[in-house]
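**Student:** okay, sequence plus prediction incoming.
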Amino acid sequence: MLVLLLVALGAAGALVLVCVVSPWWWFAAGVLLLLTGLGGWDLVQRRHSVLRNYPLLGHLRFLMEALRPELQQYFVERNYDGRPFDRDVRSIVYERAKGVEAEEPFGTEQDVYAGGHEFLVPSMTPVAVPDEPPRVRVGGPHCTQPYDMALLNVSAMSFGALSSNAILALNKGAALGGFAHDTGEGGLSEYHLRAGGDLIWEIGTGYFGCRTSDGDFEAREFTDKAALPEVKCVSLKISQGAKPGIGGVLPGAKVNTEIARARDVPEGETVVSPPYHRVFSTPRELVLFVARMRELAGGKPTGFKLCVGSRRQFLAVCKAMLAEDVTPDFIVVDGSEGGTGAAPLEFADHLGTPLTEGLVTVHNALVGTGLRDRIRIGAGGKVATGADIVKRLVQGADYTNAARAMMFALGCLQTQRCHTNTCPVGVTTQDPRRVRALVVADKAQRVHRYQRATVRSATQIMAAMGVRDPRELGPELLRRRTDPTTVESYAELYEWLAPGVLLGEPPRAWDVDWAAADPDTF
């Protein structure tokens, strides 16, 4: 109240000076009168208690709250403790995207004796780094058009969640580098197709781009689009790491002409993605629908993506595969640490299995059922560096996908405004003025350089470990400090099943889930 009284007195004094000294005092008087009016409104408004008790001064609280994320990121957080990605990781992506050597002087800033610290095991006899990075052949016994997947690819991000220029730049970068670009569940847009990069067409619960008017799967439209030469694989999204088991709503105000065309929905109408699929309700139906998708796609590699939940449910899917003698060509494991444009905080923080345990579970289930050699495993969830790639390969993956790291390569600043349509660099917005800031030709080169340098880093790490082929990586080559005096390898930390063991005498830790798994019910 004292501040408001002083401002009001100042305004009155300025008005006296206007009359007595000079009309130039109107500038000061005008400002002080506006502040007096604002303070008066603060006193009578009923929404904010802090403003009723502290008129004018209370606004400083809201100003500091608005500035807090930027102050935290630029002036408070250390290089290695930011979230979701620390400054060290963001910097290495930016440098590689710009074509700058990502090197660190004076040694690591990590506390290598802290619990949870992980490190890879170098060899006393390292091998030469290959001239060309290895690729992974994706395509099981029922696939007639296999695809050679890069070790690092663009993870699922839809047009609508990302801007048109962001999609264009990602796809052009993929075309330049010969790696794959997952469309996300928002449909095949012209921006996915224009640059000619290899696509993994993802189909979610809304069946966008291949749906009937009432939201069911439309086989004929799917067949036509899956036949496009740019589409190399098709994927059925079961769940997403950052928000497993939840649907989505796209408000009608955001459904413009382009988004409506890509998603096969009416323009201007709210679109609902249900949390569940219509095309299957049992493990057996899931497996048979994947087989149908592959047939409709002309034999192209077909798989599904999930955030792992119940091990028993995944084992039920494995039993369905065995019963029908049908397997997907790939399974993408999405960790709960994965990103999203927006999700309820409780889902992002508390639901779903982190990538490490998810990968180990899926890999072991497929090995234990004798199916691992028919199915490739992709991994997504905070993959950003060459070390991340190698760690995920050790844990059971064949290749990796990255979303937020690719956004960093586009210029993302981790301002975490993806859901507000105010992305300052034009990546996650549909505002034409903001989208214009993202120059496709430049950012496509950045995406290409980042992917190439990161895969090169992964091959250098493997060479330092004495590994010529990713298939030589084993769990004994990754170690974790569990306390200040104990280090254990992944071979000791986790149980690794022998091929086919679940079909005979399952280990004690698996026998209850295996016995309860039913191919005809989740």
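**Tutor:** Thanks, I have the structure now. Numbering: from 1, shown residues only.
**Student:** please make it C-alpha for all contacts and neighbour counts, starting now.
**Tutor:** OK.
**Student:** any weak-confidence spans in the protein?
**Tutor:** Residue ranges of the chain with pLDDT under 70: 1-11, 13-18, 20-21, 25-29, 32, 70-72, 75, 78-80.
**Student:** ok, which stretches of the stretch 301-450 of the chain are helices?
**Tutor:** Using DSSP state H, counting those that start in this stretch, the helices assigned to the stretch 301-450 of the chain run over residues 311-324, 345-350, 355-368, 386-394, 404-410, 432-435, 440-464.
**Student:** ugh, wrong one, I meant the stretch 1-150 of the chain
**Tutor:** Ranges of helices in the stretch 1-150 of the chain, per DSSP H, counting those that start in this stretch, are 2-20, 26-44, 49-53, 58-71, 87-98.
**Student:** now do the buried residues in the shortest one.
**Tutor:** Along helix 49-53, these residues count as buried under the neighbour rule (16 or more other Cα atoms under 10 Å): L51, R52.
**Student:** all strands of the stretch 151-300 of the chain, in order?
**Tutor:** Here the stretch 151-300 of the chain has its strands, by DSSP state E, counting those that start in this stretch, at 152-154, 180-182, 198-203, 231-237, 248-250, 271-273.
**Student:** mean neighbour count added to the helices of the stretch 301-450 of the chain, as a markdown table?
**Tutor:** As requested, these are exported to a markdown table (neighbours: other Cα atoms under 10 Å):
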| stretch | mean neighbour count |
| --- | --- |
| helix 311-324 | 21 |
| helix 345-350 | 13 |
| helix 355-368 | 22 |
| helix 386-394 | 23 |
| helix 404-410 | 26 |
| helix 432-435 | 16 |
| helix 440-464 | 23 |
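**Student:** quick revisit: of all the strands of the stretch 151-300 of the chain, which lies closest to E346?
**Tutor:** strand 248-250 (15.4 Å; Cα to Cα).
**Student:** can you list contacts of the closest one?
**Tutor:** T270, V271, V272, S273, P274, P275 (Cα atoms under 8 Å, 6 or more residues apart in numbering).
**Student:** and these as TSV, adding distance to I331 and neighbour count?
**Tutor:** TSV is the format used below for those (distance: Cα to Cα, whole Å; neighbours: other Cα atoms under 10 Å):
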residue	distance to I331	neighbour count
T270	31	14
V271	27	20
V272	26	14
S273	22	18
P274	22	16
P275	19	16
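**Student:** just to revisit the earlier point, and M406, which of the strands of the stretch 151-300 of the chain is closest to it?
**Tutor:** strand 152-154 (6.7 Å).
**Student:** ok, V234 to E101 distance?
**Tutor:** Look at V234 and E101: by Cα to Cα, to the nearest Å, they are 35 Å apart.
**Student:** D398 now?
**Tutor:** 27 Å.
**Student:** between the two, who's got more neighbours?
**Tutor:** Shown here are D398 and E101; by other Cα atoms under 10 Å, D398 has more neighbours (26 against 11).
**Student:** do you have the helices of the stretch 151-300 of the chain handy? List them.
**Tutor:** Secondary structure of the stretch 151-300 of the chain by DSSP H, counting those that start in this stretch: the helices cover 164-177, 190-193, 219-226, 257-263, 283-296.
**Student:** and the shortest one, how far out from the chain's middle?
**Tutor:** Okay, so that is helix 190-193. Relative to its parent chain, helix 190-193 has a centroid offset of 20 Å by Cα atoms, centre = their mean, to the nearest Å.
**Student:** now for that helix, which elements pack on it?
**Tutor:** Helices and strands touching helix 190-193, as assessed by 3 or more Cα pairs under 8 Å, 6 or more residues apart in numbering; DSSP states H and E, comprise helix 164-177.
**Student:** repeat for the last one
**Tutor:** Counting contacts by 3+ Cα pairs under 8 Å, 6+ apart, helix 283-296 is packed against helix 219-226, strand 231-237, strand 302-306, helix 311-324.
**Student:** same list (these) but as CSV, adding distance to L351.
**Tutor:** As requested, the helices and strands packed on helix 283-296 are exported to CSV (distance: least, Cα to Cα, whole Å):
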stretch, distance to L351
helix 219-226, 32
strand 231-237, 17
strand 302-306, 13
helix 311-324, 15
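**Student:** L473 is nearest to which of those?
**Tutor:** strand 302-306 (23.6 Å).
**Student:** ok, residues contacting that closest one?
**Tutor:** Residues from elsewhere that reach strand 302-306, judged by Cα under 8 Å, 6+ apart: 233-241, 290-291, 293-294, 328-334.
**Student:** paired strands for it, with orientation please.
**Tutor:** Strand pairing for strand 302-306, using DSSP bridges, gives strand 231-237 (parallel), strand 330-334 (parallel).
**Student:** out of the ones you listed, indicate the one that is most buried.
**Tutor:** Across the strands paired with strand 302-306, the average number of neighbours (mean count of other Cα atoms under 10 Å) peaks for strand 330-334, which reaches a mean of 27.
**Student:** what does that strand rub up against?
**Tutor:** 138-139, 240-241, 301-308, 355, 358-359, 362, 375-381.
**Student:** now with 7 Å, please.
**Tutor:** When contacts are defined by Cα atoms under 7 Å, 6 or more residues apart in numbering, strand 330-334 is touched by residues 138, 240-241, 302-307, 355, 358-359, 375-381.
**Student:** same deal with stretch 151-170?
**Tutor:** 135, 179-186, 189, 191-192, 195, 259, 341, 399-403, 406, 426-430, 435, 438, 440-441, 443-444, 447, 451, 455.
**Student:** same deal with stretch 470-481?
**Tutor:** Stretch 470-481 is contacted by residues 115-121, 394-395, 467, 487-491 when judged by Cα under 7 Å, 6+ apart.
**Student:** most widely separated two among those residues?
**Tutor:** Pairwise over these, using Cα to Cα, the maximum falls at G115 and V467, 27.2 Å.
**Student:** tell me which of those two has more neighbours.
**Tutor:** V467 (21 against 15).
**Student:** so which helix or strand takes in the more buried one?
**Tutor:** Applying DSSP states H and E as the criterion places V467 outside every helix and strand.
**Student:** pull the contacting residues for it.
**Tutor:** Counting by Cα under 7 Å, 6+ apart, V467 has contacts V127, L473.
**Student:** tell me the phi and psi of it?
**Tutor:** V467 adopts backbone torsions of phi -110, psi 120, taken as degrees, to the nearest 10.
**Student:** list the contacts of the closest residue to V383 other than its chain neighbours.
**Tutor:** Sequence neighbours aside, A402 is the residue nearest to V383 in space, at 5.5 Å (criterion: Cα to Cα, 6 or more residues apart in numbering). Contact analysis of A402 by Cα under 7 Å, 6+ apart lists N153, V154, S155, G380, K382, V383, A384.
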